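J.: Quick one: sequence plus predicted model below, questions after.
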Amino acid sequence: GQQVMQIPQYQHVQEGEDFTTYCNSSTTLSNIQWYKQRPGGHPVFLIQLVKSGEVKKQKRLTFQFGEAKKNSSLHITATQTTDVGTYFCAGRRGNTPLVFGKGTRLSVIA
Amino acid sequence: DSGVTQTPKHLITATGQRVTLRCSPRSGDLSVYWYQQSLDQGLQFLIQYYNGEERAKGNILERFSAQQFPDLHSELNLSSLELGDSALYFCASSPGRLLGTEAFFGQGTRLTVV
């Protein structure tokens, strides 16, 4: 079945450093979504990418969808302690259920 | 606050028992999804209901069942519980029928089976 792999599993950065998490699908996706889950919290929707090669920005966050629509990335510039949490990508093919990656847990050291 | 309400927040029960988790979706949302989150498996899609009818099924065990009522709240029933069923169970809702629309998650129910 469809699989979504996310790397790295964990990332520890110094405050002010950049951070990137990568998401790879075994199949071509219709769209990809990104969620953030704070420690002890619930997943919160960040963004959805639909078009091949699409790039979207939200302040210090940059989201990309690959040309082949099989991979995506989330890049955070100059991390802050408020960025701490687990970032999940979730991909969908056609009208199948969203498949979540296992997430990248980000720790930011002040 | 996502607008999705889940009860209870915590549940501790013994193996072999049966529990019911409850979810009230955001006002106006017709779709309800259930997810299981365990440490090593991430977020696993269990099942989706749309306007009272089952819409999609994921990795849901036969011991688990769900339903959506006319007022759109949903219940997830877990029976013959095993230690491995201990996890966070999230409910999410969205306005549409399509599985790929933005999902709003509740706070989750932490189930501990002892």
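T.: Received, thanks.

J.: Around residue B:94, how many other residues sit close by?
T.: Per other C-beta atoms under 10 Å in any protein chain shown, the neighbour tally for residue B:94 reads 23. Placement of C-beta: from N, CA and C, glycine included.

J.: hey, what's it bridged with?
T.: On the basis of DSSP bridges, residue B:94 takes part in beta bridges with residue B:31.

J.: How about the contacts made by it?
T.: By C-beta atoms under 8 Å, 6 or more residues apart in numbering or on different chains, the contact list for residue B:94 reads B:29, B:31, B:33, B:101-104.

J.: Throw the residues you listed into TSV and include neighbour count and secondary structure, thanks.
T.: Shown next, in TSV, are the contacts of residue B:94 (neighbours: other C-beta atoms under 10 Å in any protein chain shown; DSSP: H, G, I helix; E, B strand; the rest coil):
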residue	neighbour count	secondary structure
B:29	20	coil
B:31	24	strand
B:33	28	strand
B:101	17	coil
B:102	14	coil
B:103	26	coil
B:104	21	strand
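
J.: Could you find which two of those residues are furthest from each other?
T.: Greatest spacing in those, by C-beta to C-beta: B:33 and B:102 (11.5 Å).

J.: pretty sure residue A:6 contacts residue A:20?
T.: No. Counting by C-beta atoms under 8 Å, residue A:6 stays clear of residue A:20, with 11.5 Å between them.

J.: Comparing these two, which shows the higher neighbour count?
T.: Higher neighbour count among residue A:6 and residue A:20: residue A:6, with 22 against 15, using other C-beta under 10 Å.

J.: For the more buried one, give me its contacts.
T.: Taking C-beta under 8 Å, 6+ apart as the criterion, residue A:6 is in contact with A:21-24, A:88-89, A:101-104.

J.: For the chain, which segments are assigned as strands?
T.: This is for chain A. Remark: strands assigned in chain A by DSSP state E are A:4-7, A:10-14, A:19-25, A:31-37, A:43-49, A:55-58, A:61-65, A:71-76, A:85-92, A:99-100, A:104-109.

J.: Chain B, not that one
T.: Going by DSSP E, chain B shows strands at B:5-7, B:10-13, B:19-24, B:31-38, B:42-50, B:53-57, B:64-68, B:74-78, B:87-94, B:104-105, B:109-113.

J.: number of nearby residues for residue B:69?
T.: Neighbours of residue B:69 using other C-beta under 10 Å come to 10.

J.: Residue A:63 too?
T.: Residue A:63 has 21 neighbours, counted by other C-beta under 10 Å.

J.: and the gap between the residue nearest to it when sequence neighbours are not counted and residue A:75?
T.: The shortest distance from residue A:63 to any residue other than its chain neighbours is 4.8 Å, reached at residue A:56 (C-beta to C-beta, 6 or more residues apart in numbering or on different chains). For residue A:56, the distance to residue A:75 (C-beta to C-beta, to the nearest Å) stands at 11 Å.
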